[in-house]
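# I'll drop the sequence and a predicted model, then ask my questions.
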Amino acid sequence: MINKFVLLIIILYGFISPINSETRKKKEYGEYSFYSKCLDDALPKKMNTGLVWECSTKASKQLDSLIQKQISSKGDCDEEGFESHACQLKRSQTAFKTYYQTECTWNKYGPHYPYCEMMLKKDRLKWLDKTLGTIKNN
């Protein structure tokens, strides 16, 4: 009987130990991990089916702001004369918007549309970082 009790304690400790070490460890987020941070901030206090939609939408807005900042970093697009880098970026951003709206349409009526949009925007931002020479570690 005592052997079973000791074995049970050892097994329970084995399960609890990784959980404790995981929860005590400070989580570090990458530069564009807005979605993960939102989920971690909400869970376990708030669990509902709209959480994916809520966090995806919040992250998408933050990514939009960063994308716009990257694009505007190359100046204004004056459409006279040859096409400047700023104009190319503006045109490619318009095409990108059409792309993600089309790509994510399959899931438009569920929580997956904002998630799809957010993931594509995150990839776009990483691409802009590399293209514009502002490579980030993310």
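Right, received. Where do you want to start?
# Endpoint to endpoint, stretch 106-115 covers what distance?
12 Å (CA to CA, to the nearest Å).
# any idea of the mean pLDDT for that stretch?
Confidence over stretch 106-115, taken as the mean pLDDT, stands at 77.
# Stretch 123-130 too?
92.
# Give the buried residues for whichever strand or helix holds M119.
M119 is part of helix 112-131, with elements assigned from DSSP states H and E. Using 16 or more other CB atoms under 10 Å as the test for burial, helix 112-131 gives 113-122, 124-125, 128-129. Every residue, glycine included, has its C-beta placed from N, CA and C.
# got it, and stretch 75-91?
C77, S84, A86, C87, L89, K90.
# Closest one of the buried residues of helix 112-131 to A95?
Comparing the buried residues of helix 112-131 against A95 with CB to CB places R124 closest, at 10.8 Å.
# I'd like the list of the buried residues of stretch 75-91 that fall within helices, please.
Among the buried residues of stretch 75-91, DSSP state H puts A86, C87, L89, K90 in helices.
# The second one against K74, yeah?
So that's C87. No. Counting by CB atoms under 8 Å, C87 does not reach K74; the two are 9.2 Å apart.
# Mind telling me what element Y32 is part of?
If you go by DSSP H and E, Y32 is not part of any helix or strand.
# And the pLDDT at it?
Listed pLDDT for Y32 reads 87.
# re earlier: using JSON lines, please lay out the buried residues of stretch 75-91 together with pLDDT and distance to K61.
JSON lines is the format used below for those (pLDDT from 0 to 100; distance: CB to CB, whole Å):
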{"residue": "C77", "pLDDT": "80", "distance to K61": "23"}
{"residue": "S84", "pLDDT": "80", "distance to K61": "28"}
{"residue": "A86", "pLDDT": "83", "distance to K61": "23"}
{"residue": "C87", "pLDDT": "87", "distance to K61": "25"}
{"residue": "L89", "pLDDT": "88", "distance to K61": "20"}
{"residue": "K90", "pLDDT": "88", "distance to K61": "20"}
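# All set now, cheers.
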